[in-house]
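In: Generate coordinates for the sequence data below:
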Amino acid sequence: MASRQQGESWTEEVICPICQDFFTDPVILDCGHNFCRSCITQSWERQKINSCPECRQEFPDRCLRGNRALADLAEKARTLNVNPQEKESKHHCEEHQEELKLFCETDKKLICVICRDSWEHKSHNFMPVKEAVGIYKNRAKSSLDSLREKKSAALEMEQQQKQKISQIQEESTNLQSHITSEFSQMHQMLTEKEQSLLRDLREQEENILKPMEQHLHEIQENLKSIQQKLSKLEKRLEHTDGVIFLKEEISQKRGISDGGYALSPANGALSFGIFNGPLQYRAWKEMLTHITPGPNDEKKNSAPLEICGVTSIL
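Out: Below is the predicted model of the structure:
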């Protein structure tokens, strides 16, 4: 067993990363990685760029230096009739040094054929590793679909919340314009009343938007959490090694939670009645005590009173 592992270890050093066979006329790049001369040349011709397929470092010139020592090692491997495909990783039982070919469904554990016959796994349920990988991948894909649906829903709720916030802000802007337009027709004495209403509106807007923006933040945090889980799960599903995938999947202490924040946007509404409508008339009534001549004087001389284009006889 030890000699086989040693053989696999040194033969991995003489395998071209591109063709996955023993090096033929190996060359070394400036970054230190080795390839067959023909393999790297064809790769550069296809990509139209001089870069290392391993580390992606780019080179201004095609400088290929032969690696004689590596060529000798590759020739030695050919002489020994070592199969380059044997470099593919094999996972073995730590106790019996046998290949892990079975999955104990009872213990959720990878085992060898000798483990299967031991007292530890007596009366347990087993299945081939390949079959177990398929089952667990299907489960993972189901969770992946669920996460994608959650992400889609979160994105939709985020958009809806932004639209509602934008609507409140737009309505607030329109009301400010309305207030400014109304008060611009009055005299300087109306400025204080105008500013008072604007402050009230801004305060109400802030009180309405604060919880809505907090809810938006919670939605975005939920979306971020979903995206992180989605990325981790997608990364695990990219494993080509079924055993590694299965080990990682089993090692998860708990599955993907279906819980989360309620994906519904918070609502809010401005008190239109306070800021909309005939502001000039309401302000005019409040200002009667400040008008000269006052209401009593107006009754004496019955002269018409005109304020901001509104004519009245009190």
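
In: Please enumerate the helices of this protein.
Out: Assigned by DSSP state H, the chain shows helices spanning 2-11, 37-47, 68-79, 113-116, 129-183, 191-237, 242-251, 272-275, 279-286, 295-301.

In: For the fourth one, which helices and strands make contact with it?
Out: What that stands for is helix 113-116. The helices and strands touching helix 113-116, judged by 3 or more Cβ pairs under 8 Å, 6 or more residues apart in numbering; DSSP states H and E, are strand 102-104. Where you see a C-beta, it was placed from the backbone N, CA and C, and this is true even at glycine.

In: Let me have the helices of the chain in CSV, extended by mean neighbour count and distance to Leu29.
Out: Supplementary listing: the helices of the chain in CSV, determined by neighbours: other Cβ atoms under 10 Å; distance: least, Cβ to Cβ, whole Å:
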stretch, mean neighbour count, distance to Leu29
helix 2-11, 12, 21
helix 37-47, 15, 7
helix 68-79, 15, 12
helix 113-116, 16, 45
helix 129-183, 15, 36
helix 191-237, 15, 29
helix 242-251, 16, 29
helix 272-275, 13, 71
helix 279-286, 15, 77
helix 295-301, 11, 97
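
In: can you pull the pLDDT of the residue positioned nearest the centre of the chain?
Out: In the chain, the residue lying closest to the centroid (Cα atoms, centre = their mean) is Gln227, at 3.4 Å. Turning to Gln227, the model gives it a pLDDT of 91.

In: got the contact list for the closest residue in space to it that isn't next to it in sequence?
Out: Spatially, and ignoring its direct neighbours in sequence, Gln227 is nearest to Lys151 (6.5 Å; Cβ to Cβ, 6 or more residues apart in numbering). By Cβ atoms under 8 Å, 6 or more residues apart in numbering, the contact list for Lys151 reads 223, 226-227, 230.

In: go on, Ile49?
Out: Contact partners of Ile49, counting by Cβ under 8 Å, 6+ apart, are Glu58.

In: For Glu58, find the nearest of the helices of the chain.
Out: Closest to Glu58 of the helices of the chain, according to Cβ to Cβ: helix 37-47, at 10.3 Å.

In: where are the low-confidence patches of the stretch 51-200 of the chain?
Out: Where the stretch 51-200 of the chain drops to pLDDT under 70, the residues are 81-90, 183, 185-190.

In: Alpha carbons only: can I get stretch 232-248 in CSV?
Out: Extracted in CSV, the C-alpha atoms of stretch 232-248 (Å, rounded to 0.1, in the frame of the first residue of the first chain):
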residue,chain,number,x,y,z
LYS,A,232,-21.5,27.7,-0.7
LEU,A,233,-24.0,25.1,-2.0
GLU,A,234,-23.1,25.8,-5.6
LYS,A,235,-19.4,25.4,-4.8
ARG,A,236,-20.0,22.1,-3.2
LEU,A,237,-22.1,20.9,-6.2
GLU,A,238,-19.1,21.7,-8.4
HIS,A,239,-17.1,18.9,-6.9
THR,A,240,-16.3,16.3,-9.4
ASP,A,241,-15.1,14.0,-6.7
GLY,A,242,-18.3,12.4,-5.4
VAL,A,243,-16.7,11.1,-2.2
ILE,A,244,-15.4,14.6,-1.2
PHE,A,245,-18.8,16.0,-2.0
LEU,A,246,-20.5,13.3,0.1
LYS,A,247,-18.1,13.9,3.1
GLU,A,248,-18.7,17.6,3.0
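
In: how far is that stretch from where the chain is centred?
Out: In terms of Cα atoms, centre = their mean, to the nearest Å, the centre of stretch 232-248 is found 19 Å from the chain centre.
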